[in-house]
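Enquirer: with the sequence up front, the predicted model follows.
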Amino acid sequence: METTRRRPQHSANGKRSEQKEQLAQWGRAWEVDWFSLISVIGLLCFAPFIVFYFVMACDQYECSITQPVLDLYQGEATLLSIWARAPSFSWSAAKIYAIWVSFQVFLYMCFPDITHKFIPGYVGGVQEGARTPAGLINKYEINGLQCWLITHALWFANAHYFHWFSPTIIFDNWIPLLWCTNILGYAVSTFAFIKAHLFPTNAEDCKFTGNIFYNYMMGIEFNPRIGKWFDFKLFFNGRPGIVAWTLINLSYMAKQQELYGYITNSMILVNVLQAIYVLDFFWNEAWYLKTIDICHDHFGWYLGWGDCVWLPYLYTLQGLYLVYHPVQLSDAHALAVLLLGLVGYYIFRSTNHQKDLFRRTEGSCSIWGRKPTWIECTYRSADGGMHRSKLLTSGFWGVARHFNYTGDLMGSLAYCASCGFGHILPYFYIVYMTILLVHRCVRDEHRCSSKYGKDWKRYTDAVPSRLIPGVF
Ligand code: NDP
C-alpha cells in the first residue's frame, strides 16, 4: 500500500501511556458498552429482514407497509406464505450481478483517471486521504466520475442502440438480485473480518474490542486493501452502491414507461434530484476521502453489507414506489419539491465546500466574502506525533456544527415528498436519514471531543447548535 508515514515525535517526559489514554477514543470504540452491543446484534439480525420487508411490501402489497402486518394478524397470510410468494434466488440474476460487480472492479482497477486532464475544476487521479489514527496518509486512485460516465454511456448506448438487454432488467430481477447482493455483502464483510486477523493491510490501524459481534459489524481494519490500490472502502461505497443508484432509478423509469406508456413528473423529479446527489458525490470523490466514512469508520459489515444491500435497496425506494403508484404531481407540488431539493442540495454542497476550501488553504480564503474565523486546535496521533488543525467558525459552519447534514436532510425530504402523500413507505428514507445523521452528529462529536479536548469545547461554545440554530 502506498503510504506516507509521518515522523513520530516521542514525548520528552515519558508520558506515552497518558497519551494513549487520551487517544483511546479517536477512531471507533476500543470497548463496547451494553447498549452498543445490543444495537449491533439487533442490526445484524434484523437489518436484512427490514430490506426484505420493504421490497416484499412493494412486490406483494402494492407498497403498503401496514397491510402485510394486518394480513398476518387476521390470519390471511403467514410468514411462510409471504416467503413462498417472494421470487427466489435465480442463476440469471447471479450472472447479471457477477457481470456488474466484475465490470465495476475492472473499471476501478484498470482505468486510471484521465477525466481530470480535460474536465476543468475536477480533481481526480492519485489523491491523498486524511491521516489515520496510526499517523499514515494513504493514497487513492480517484476515478469514480470516469467509471460513472462509462457505465452510464454504455447503459444509454444499450437502451437506444445495441439492445443487448432491456433497460427494465434491474427492476425485473429486483428480488432475485437481493439474494445476490446479500451473498456479496456477507462474503465481503466476513473476508474483511478474517483478513484483519490474518493479514491486515496496516496492523497499527486495526482495532479489536474483544467482542466478536462488534468487531464483525463495525470492522477491525481501518483501510483494508488488496494489493496497492484495491481499497475496500472506496470501492464498495462508491461502485456497486452509488454508481448503481442512478441506474436503478433509470430502470424504474423504464418500467413505468413500459407499464403505463408514460413517465410521471414525480419519477422525473426523483431521478433528477438523486442524480444530482450521485454526480455530486463523484465530482467530489477526492473530498469524500476526508469524510467520516473514510477518516473514522473501520471496514466491517456496517460498510460492507450496507454498501452492497442497504444502500441500493433502501435509498431507491421512491423510484420503486412510483413504479407501483405512478403519481402525477400538481405543478405547484412539483415546484415546491424541486425548490426544497435544490435549496437542500445548495446548503449541503456549500457547507461541505466551505470546510474543504478552508482546510485546503489553511484559512487563506474568503467565505461569504470575508476572511474566515476559526479556532486553533492541537491533537496527537497514535505514533505520538503532535499535529495542528483548525475548526472553522464562520460561513455555514458558524450557523450550526453540522449544517451540511441539515441540507442533506432537506434534500432527502424532497425525494420522499416527490411521491405524494398516499403511502408512508417512500418516507422511510427521511426517517432513516434523520436517525443516521443525528447519530452521526453524536459519534462525530464524541470523536472530535476526544481528539481535540478543550479546543473542541471552545468550538462548541462558539457554535452552540448542531443541526438547527437555536433548536438542536
Ligand atoms: P463532515 O464532512 O461534517 O466531517 C466531520 C469532520 O469534519 C469532523 O470529524 C472533523 O474532522 C471536521 N470538522 C468538524 N467541524 C469542523 C469545522 N468547524 N471546521 C473544519 N473541520 C471540521 O461529516 P461526514 O463525513 O459525516 O459527512 C460528509 C457529508 O456526507 C455530509 O454532507 C453528509 O450529509 C453526507 N453523508 C451522507 C450520507 C448518506 O448516506 N447519504 C451518509 C453520511 C454522510 P477532523 O478530524 O478533520 O477535524
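Expert: Perfect, thanks for sending it.
Enquirer: a helix runs through residue 363, doesn't it?
Expert: No: with DSSP: H, G, I helix; E, B strand; the rest coil as the criterion, residue 363 is located in coil rather than a helix.
Enquirer: how close does it get to residue 38?
Expert: Residue 363 sits 43 Å away from residue 38, taking Cβ to Cβ, to the nearest Å as the criterion. Where you see a C-beta, it was placed from the backbone N, CA and C, and this is true even at glycine.
Enquirer: can you pull out the strands in the stretch 201-350 of the chain?
Expert: 225-226, 230-231 (DSSP state E, counting those that start in this stretch).
Enquirer: just to revisit the earlier point, between residue 363 and residue 38, tell me which one has more neighbours.
Expert: residue 363 (16 against 11; other Cβ atoms under 10 Å).
Enquirer: so the more buried one touches residue 374, yeah?
Expert: Yes: Residue 363 is in contact with residue 374 according to Cβ atoms under 8 Å; the separation is 5.9 Å.
Enquirer: overlap in contacts, these two.
Expert: Common contacts of residue 363 and residue 374 (Cβ atoms under 8 Å, 6 or more residues apart in numbering): residue 390.
Enquirer: so what touches the one helix or strand residue 445 maps to?
Expert: Per DSSP states H and E, residue 445 falls inside helix 428-452. Residues outside helix 428-452 that contact it (Cβ under 8 Å, 6+ apart) are 22-27, 54, 292, 296, 314-315, 317-318, 377-379, 389, 391, 401-402, 405, 408-409, 412-413, 415-416, 456-457, 459-460, 466-467.
Enquirer: for the ligand, what's the nearest residue on the stretch 201-350 of the chain?
Expert: For the stretch 201-350 of the chain, the residue closest to the ligand is residue 291, as judged by Cβ to the nearest ligand atom, at 3.1 Å.
Enquirer: what are the phi and psi angles of that residue?
Expert: Main-chain torsions, residue 291, degrees, to the nearest 10: phi -90, psi 170.
Enquirer: mind splitting this protein into its structural domains?
Expert: Domains of the chain are assigned by the TED database as 45-85, 88-327, 336-471.
Enquirer: so in this protein, where's the weakest helix or strand by average pLDDT?
Expert: Least confident helix or strand, the chain: strand 3-5 with a mean of 36, by mean pLDDT, DSSP states H and E.
Enquirer: among the strands of the stretch 201-350 of the chain, which comes closest to residue 134?
Expert: strand 225-226 (14.4 Å; Cβ to Cβ).
Enquirer: residues contacting residue 148?
Expert: Each residue near residue 148 by Cβ under 8 Å, 6+ apart is listed here: 243, 246, 278, 279, 282.
Enquirer: can I get the CA coordinates of the helix or strand hosting it in CSV?
Expert: If you go by DSSP H and E, residue 148 is part of helix 144-157. In CSV, the C-alpha atoms belonging to helix 144-157 read as follows (Å, rounded to 0.1, in the frame of the first residue of the first chain):
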residue,chain,number,x,y,z
GLY,A,144,-15.3,7.4,-9.8
LEU,A,145,-16.6,10.0,-12.1
GLN,A,146,-14.9,8.2,-15.1
CYS,A,147,-16.5,4.9,-14.0
TRP,A,148,-19.9,6.5,-13.6
LEU,A,149,-19.6,8.2,-17.1
ILE,A,150,-18.5,5.0,-18.8
THR,A,151,-21.2,2.9,-17.1
HIS,A,152,-24.0,5.3,-18.0
ALA,A,153,-22.8,5.9,-21.5
LEU,A,154,-22.9,2.1,-22.0
TRP,A,155,-26.4,2.0,-20.4
PHE,A,156,-27.7,4.6,-22.8
ALA,A,157,-26.0,3.1,-25.8
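Enquirer: buried sites along it?
Expert: Using 16 or more other Cβ atoms under 10 Å as the test for burial, helix 144-157 gives 144, 145, 146, 147, 148, 150, 151, 152, 155.
Enquirer: same thing with stretch 124-142?
Expert: Counting neighbours by 16+ other Cβ under 10 Å, one finds that the buried residues in stretch 124-142 are 124-125, 127, 129, 131-136, 138-142.
Enquirer: out of those residues, which are inside strands?
Expert: Filtering the buried residues of stretch 124-142 for membership in strands, criterion DSSP state E, returns 125, 127, 129, 131, 136, 138, 139, 140, 141, 142.
Enquirer: isn't the fourth one up against residue 387?
Expert: Yes: judged on Cβ under 8 Å, residue 131 makes contact with residue 387 at a distance of 7.2 Å.
Enquirer: which residues do those two both contact?
Expert: Both residue 131 and residue 387 are contacted by residue 381, under the criterion Cβ under 8 Å, 6+ apart.
Enquirer: low-scoring stretches of the protein, by residue?
Expert: For the chain, applying pLDDT under 70 flags the ranges 1-31, 382.
Enquirer: contacts only, for the residue of the stretch 51-200 of the chain found nearest the ligand.
Expert: Distances between the stretch 51-200 of the chain and the ligand by Cβ to the nearest ligand atom are smallest at residue 130, namely 6.2 Å. Neighbour list for residue 130: 137, 289, 290, 294, 295 [criterion: Cβ under 8 Å, 6+ apart].
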